[in-house]
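>>> structure for this input, please:
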Amino acid sequence: MERYQNYADPNELNPYAVAPARSDFMSAQQRQHDSGNALAANSEARVIASVKAQVFMAKQFPRDPNLAMTKILEECKRPTLAETAVYTFPRGKETVTGPSIRLAEVLARNFGNMTFGYEVLDRKAGRGSTPGVSVIRAYAWDFETNLMIDRQFEVKHYRSTRSGGYALTDDRDIYELEANMSSRRIRACILQMIPGDVTDAAVAACRQTAASGISQLMADPKRRAATVKATLRVYEKMGVTQDDLETFLNAKADDWTADHMLRLKETKTSLEDANASLGEYFPRLAVENQDATITKDQVKALMEAAKATGLQGKISAQMKKMGIAKFADVPAGKFDEIMALINSIADQEAQAPQDQEPERVRKEPDPPTA
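Sure, this is the predicted structure:
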């Protein structure tokens, strides 16, 4: 009996068979994987080597506390540092005073054998009206004692204003927000590591330097007038009037002393470091006070600037898109934004004839006469 065996034709493809792995494809994938692992391993090795080197140098050359203190106090004699070294803000019925971010960096740098900074652990993009979020870690690390203090927090990609708020989408705006919000946490980590008596001595030295410089300015009538005028101008850009400052200091501008000016400088530093909001110093400008508007002088300045452009109609149309009917309704603190808008419209109009040829008016033929 003849027996038949069903042998598959080697040249015939079986559609249900599992194709053998391609050696060339697998090797490429494997090479790419190995290359990625090698880069990651090299990067990690460099970081570890750098940290080991810093720890080794810290052990070989430990800090001299007396020398560090001397260097810190010497830096506090610089007027440019002293003017921005101390902040002050109200907390209930008390006034809190402390070192600013700039002074904290000076303390860490001169204390030696330590590093500080922040890193973005994760950044999630926003969806629609929902803002994105960044997860950040701020830290300070003492290589001598191997003590690390860090703080992890989240930052929403959102900017609040008295007239509302908006989500941030531009990378530069998000980076600046992350850096600003990280600064306060970095300062907190540094100050938790630096001995308290060193910090207190630095704050006292900076206040003494700043007070001495201001006292010299206030002693000369001409320089005093210029200093007061410049200070008023700085606060006007924030929407703070002279009346607000006089109420805050409980003294008229003509009676301001060096102590008053020092307090205003420390208040400005606090606002720049975001330790407190304008509303905490000046209730009229609190966020919840949606009716706060710019001053009469600021209204007049905007009106004159708009009139000089001859484009009042375009300016008014843009303001209405922002929900502002007239200059008197401009929210406090948005003076600079509206002035920038006026200048922007004027610049665009000035460039228009150069960018495009003016449209020619077509003349219709005269109608036939009877």
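
>>> where does the prediction get shaky in the stretch 251-370 of the chain?
When residues are selected by pLDDT under 70, those of the stretch 251-370 of the chain lie in 287-292, 323, 332-333, 352-370.

>>> next, the contact list for A138, please.
Contact analysis of A138 by C-beta atoms under 8 Å, 6 or more residues apart in numbering lists F116, G117, Y118, D150, R151, F153, S182, R185, I186, A188, C189. Backbone N, C-alpha and C define where each C-beta goes, glycine included.

>>> name whatever forms a beta bridge with it.
Y118, R151 (DSSP bridges).

>>> picking that back up, which among the contacts of A138 end up buried?
Buried members of the contacts of A138, scored by 16 or more other C-beta atoms under 10 Å, are F116, Y118, R151, S182, R185, I186, C189.

>>> between which two of the residues you listed is the distance greatest?
Farthest apart among the buried ones among the contacts of A138 by C-beta to C-beta are F116 and R151. That separation is 11.5 Å.

>>> between those two, what contacts are shared?
Residues touching both F116 and R151 (C-beta under 8 Å, 6+ apart): A138, Y139, C189.

>>> dump the residues you listed into a markdown table; add distance to N275 as well.
Converted to a markdown table, the shared contacts of F116 and R151 look like this (distance: C-beta to C-beta, whole Å):
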| residue | distance to N275 |
| --- | --- |
| A138 | 16 |
| Y139 | 20 |
| C189 | 16 |
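
>>> rebuild the residues you listed as JSON lines, extending it with distance to Q216 and pLDDT.
What follows is the shared contacts of F116 and R151, written out as JSON lines (distance: C-beta to C-beta, whole Å; pLDDT from 0 to 100):
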{"residue": "A138", "distance to Q216": "38", "pLDDT": "95"}
{"residue": "Y139", "distance to Q216": "40", "pLDDT": "95"}
{"residue": "C189", "distance to Q216": "36", "pLDDT": "94"}
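
>>> closest one of those to E337?
So of the shared contacts of F116 and R151, ranked by how close each gets to E337 (C-beta to C-beta), first place is A138, at 30.4 Å.

>>> narrow the buried ones among the contacts of A138 to those in helices?
Here DSSP state H is the test, and the buried ones among the contacts of A138 give S182, R185, I186, C189 as lying in helices.

>>> N343: which of those residues is nearest?
Of those, the one sitting nearest to N343 (C-beta to C-beta) turns out to be S182, at 32.6 Å.

>>> what's around V240, how many residues?
Residues near V240, counting by other C-beta atoms under 10 Å, number 24.

>>> now do the same contact list for it.
For V240, the contact set (C-beta under 8 Å, 6+ apart) comprises L278, F282, L285.

>>> could you list every residue that touches the nearest residue to the second one once chain neighbours are set aside?
Read that as F282. Nearest non-adjacent residue to F282, counting by C-beta to C-beta, 6 or more residues apart in numbering: D244, 4.7 Å away. Shown in contact with D244 (C-beta under 8 Å, 6+ apart): Y235, F282, R284, L285.

>>> low pLDDT regions in the stretch 101-250 of the chain?
Within the stretch 101-250 of the chain, the ranges that satisfy pLDDT under 70 run 161-164.

>>> can you map out the strands along it?
Using DSSP state E, counting those that start in this stretch, the strands of the stretch 101-250 of the chain run over 114-124, 133-142, 147-156, 158-161, 164-167.

>>> tilt between the second one and strand 147-156?
Using axes from the mean of the first three to the mean of the last three C-alpha atoms, to 10 degrees, one finds that strand 133-142 and strand 147-156 are set 160 degrees apart in direction.

>>> tilt between strand 133-142 and strand 114-124?
Strand 133-142 runs at 170 degrees relative to strand 114-124, counting by the same axes, to 10 degrees.

>>> give the buried residues for strand 133-142.
Residues V133, S134, I136, A138, Y139, A140, W141, D142 are the ones in strand 133-142 that count as buried (16+ other C-beta under 10 Å).

>>> now swap in the first one and tell me
Judged by neighbour count (16+ other C-beta under 10 Å), strand 114-124 contains these buried residues: M114, F116, Y118, R123.

>>> what's across from the first one in the sheet?
Listed by DSSP bridges, the beta-bridge partners for M114 are D142.
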